[in-house]
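# Predicted model and sequence below, questions to follow.
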Amino acid sequence: MYGALGVRALINAFETVSVLGGTRAHPEVLDAMRAASDAFVDLRELQAAVGARIAALTRNDAAAVVSGASAGMVLAAAACATHRDPTFPSHLMRPWQPPRFDVIVQRCQMSPYVQNVRQAGVEIVEVGYTQNGTPERLLLDALNDRTAAVLYTAGRPYERDAIPLDRVVALAHERDVPVIVDAAALLPPVANLWHYTRSCGADLAVFSGGKGLQGPQDSGLVVGRADLVAHVQAMASPVHGLGRAFKTSKEDVIGLLRAVEIALETDEEARYAALLGRANRVAAALEGVPGIEVHVLPDGRQGQPCPRTVVRLLPSSGWHRSAFMAALRNGEPGVVVGALDEDDVSVYVHPLGLADGEVEVVIARVRDVVAARV
């Protein structure tokens, strides 16, 4: 169907990123979404019931299905800004300014998604340094009566120089300020659905439904404190107001519920072993190819348990990384691989988005592109 539109289908050997369409939804998720499309329900009633079901499954006080992790961050920030407002939710039908309207972020955790939080009517207050960490005193100095929340970006690249989450929670809670964790890509492991809230004490955690959960691409999940999640639900679609644009369909809500159920039923050790088998298969097939070196990393870019095959371009390959990646993508079939953060001459093949038949195609395309210059 894509070819009929003049759009190239691509093989995703990179990540579960939105720009490539996220993940391959689990077949049972698609079945549940098709079944959900055959009847009409009150969306508010459905959201409440599914939220309660997911909360029970994930050991959280409450949960809300939203239209992606980015929307979840906006609604979570708005909930933290309004949860002490005695007039809530009467202002949802008119322009409003939350009584607490600063969200604190450590500079080393300023992901591209943080800016979206401004849609909640809050300002971003950056503390600390980009590469040299954040002294705790700077976070404490920033906490005041205007602070709605502290936003913490989870994942290895953003946590490396940051104040650890447990300390952030302790410092923020001393000032009665809630903590939101952006954990969009931090599934698997499924235990993260309750790790940040139950184990680390964060007030809210936000996840993508269309990445490791293999749910609908346009879905997300907010879990945590019941009073804050209630405010998320009160502002989310189909209610008119801030969250009306973040629409979740009945199909999305049911699909994400089924994705969470499947994730909890999945043998994660067996899943990891299967992914590792694919990564090793790619490495073995490329071992000894002139111009490259290969090895397998045991985890993903964010530190998730997702193995990857690294292809290091040697000077003898004749390739610069960007040109090599472009040649893979622009060839036939187009293959998208990732740029390794740790050095500027390596790419990686991520097996999560690959169907069994695509593994051999990726191997052949890498070999052909390398050989073109060697």
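Looks like it arrived, so ask away.

# my read: Ala79 touches Val232, true?
Yes: in terms of CB atoms under 8 Å, Ala79 counts as a neighbour of Val232; the distance is 4.8 Å. Backbone N, C-alpha and C define where each C-beta goes, glycine included.

# Quick check: neighbours shared by the two?
Leu204 (CB atoms under 8 Å, 6 or more residues apart in numbering).

# Run a quick neighbour tally on the residue lying closest to Gly209 once chain neighbours are set aside.
What sits nearest to Gly209 in space, not counting adjacent residues and going by CB to CB, 6 or more residues apart in numbering, is Ser219, at 3.3 Å. Neighbourhood size, Ser219 [other CB atoms under 10 Å]: 30.

# who's in contact with Ser219?
65-68, 208-210, 248, 252-253, 255-256, 259.

# ditto for Glu261
Going by CB under 8 Å, 6+ apart, Glu261 touches Leu57.

# give me phi/psi at it?
Main-chain dihedrals, Glu261, degrees, to the nearest 10: phi -60, psi -40.

# cool, Leu10 as well?
According to degrees, to the nearest 10, Leu10 has phi -120, psi 150.

# helix or strand for the residue sitting nearest the centre point of the chain, which one?
Nearest residue to the geometric centre of the chain (CA atoms, centre = their mean): Ala184, 2.3 Å. Assigned by DSSP states H and E, Ala184 falls within no helix or strand.

# what's the distance between it and Leu275?
20 Å (CB to CB, to the nearest Å).

# try Arg321
Applying CB to CB to Arg321 and Leu275 gives a distance of 24 Å.

# ok, back up a step: would CSV of the contacts of Ser219 with pLDDT, secondary structure and neighbour count be doable?
Compiled in CSV, these are given as follows (pLDDT from 0 to 100; DSSP: H, G, I helix; E, B strand; the rest coil; neighbours: other CB atoms under 10 Å):
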residue, pLDDT, secondary structure, neighbour count
Val65, 98, strand, 28
Val66, 97, strand, 32
Ser67, 96, coil, 22
Gly68, 96, coil, 24
Ser208, 97, strand, 27
Gly209, 97, coil, 34
Gly210, 95, coil, 27
Thr248, 94, coil, 28
Asp252, 97, helix, 24
Val253, 98, helix, 25
Gly255, 98, helix, 33
Leu256, 98, helix, 29
Ala259, 98, helix, 28
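
# Among these, which one sits closest to Asp344?
Ser208 (27.7 Å; CB to CB).

# which residues touch that closest one?
Taking CB under 8 Å, 6+ apart as the test, what Ser208 contacts is 16, 22, 68-69, 184-185, 187, 219-221.

# Tell me which of those residues fall in strands.
220-221 (DSSP state E).

# can you give me the helices in the stretch 201-350 of the chain?
Using DSSP state H, counting those that start in this stretch, the helices of the stretch 201-350 of the chain run over 226-235, 250-265, 268-286, 321-330.

# per-domain residue ranges of the chain.
As given by automatic domain parsing, the domain ranges for the chain are 26-265, 267-373.

# So which of the ones you listed is the most surrounded?
domain 26-265 (a mean of 20; mean count of other CB atoms under 10 Å).

# which phi and psi does the residue nearest to Asp227 when sequence neighbours are not counted have?
With CB to CB, 6+ apart as the criterion, Asp227 has its nearest non-adjacent residue at 5.8 Å, and that residue is His83. Note on His83: backbone dihedrals following degrees, to the nearest 10 are phi -70, psi -10.

# Need the pLDDT of His83.
On the pLDDT scale, His83 is placed at 85.

# and if you look at the one 10 residues further on?
With respect to pLDDT, Met93 has a value of 52.

# Show me where the stretch 151-300 of the chain dips below the pLDDT cut-off.
Scanning the stretch 151-300 of the chain for pLDDT under 70 picks out nothing.
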